[in-house]
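Colleague: need coordinates for the below:
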Amino acid sequence: MPVHKSDRGAQLREYLNDAREAILWKCEGLSDAQARTPLTQTGTHVMGLLLHLAVTESQYLISCVGRKLRTPLSGALSHPRTLRQISSRRRI
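Modeller: Residues are numbered from 1 along each chain as shown. Model prediction:
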């Protein structure tokens, strides 16, 4: 559905949803072991990248509405997650 150019909120939502869907599409079919396998010399892995994107997006959107997270990463890193949990398809 086309978004009107004057509706900046709708443009942002469309952009974020498109970017999120592209990342998740790239991750389809990966097992948890594959998602946790380091792919660079610095130890970066797909699961860490997905978690980073999710936390960054939530922090940004929460700050846009004038709120603050007490401890931004505590909930995200407090217990192990699976690729399926992190990449659950949720649109905003």
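Colleague: when you work out contacts or count neighbours from here on, use the C-alpha atoms and nothing else.
Modeller: Fine.
Colleague: residue 63 and residue 31, how far apart?
Modeller: With distances taken as C-alpha to C-alpha, to the nearest Å, residue 63 is found 33 Å from residue 31.
Colleague: wait, I meant residue 8
Modeller: 37 Å.
Colleague: can you check residue 37 too?
Modeller: For residue 37, the distance to residue 31 equals 10 Å [C-alpha to C-alpha].
Colleague: host element of residue 58?
Modeller: For residue 58, the element it lies in under DSSP states H and E is helix 46-64.
Colleague: so which elements touch that helix?
Modeller: helix 32-36, helix 83-86 (3 or more C-alpha pairs under 8 Å, 6 or more residues apart in numbering; DSSP states H and E).
Colleague: the last one - what's its average pLDDT?
Modeller: Mean pLDDT, computed over helix 83-86, is 65.
Colleague: distance of the residue positioned nearest the centre of the chain from residue 4?
Modeller: Per C-alpha atoms, centre = their mean, the C-alpha nearest to the average position across the chain is that of residue 54, at 2.8 Å. Applying C-alpha to C-alpha, the value for residue 54 to residue 4 is 26 Å.
Colleague: just name the shakiest helix or strand of the chain by mean pLDDT.
Modeller: Lowest by mean pLDDT, DSSP states H and E among the helices and strands of the chain is helix 74-77, with a mean of 55.
Colleague: name the element residue 21 belongs to?
Modeller: Using DSSP H and E, the element containing residue 21 is helix 8-27.
Colleague: can you mark which positions in that helix are buried?
Modeller: 14, 20, 21, 24, 27 (16 or more other C-alpha atoms under 10 Å).
Colleague: contacting residues for the last one?
Modeller: With contact set as C-alpha atoms under 8 Å, 6 or more residues apart in numbering, residue 27 has these partners: 35, 46.
Colleague: fine by me, thanks again.
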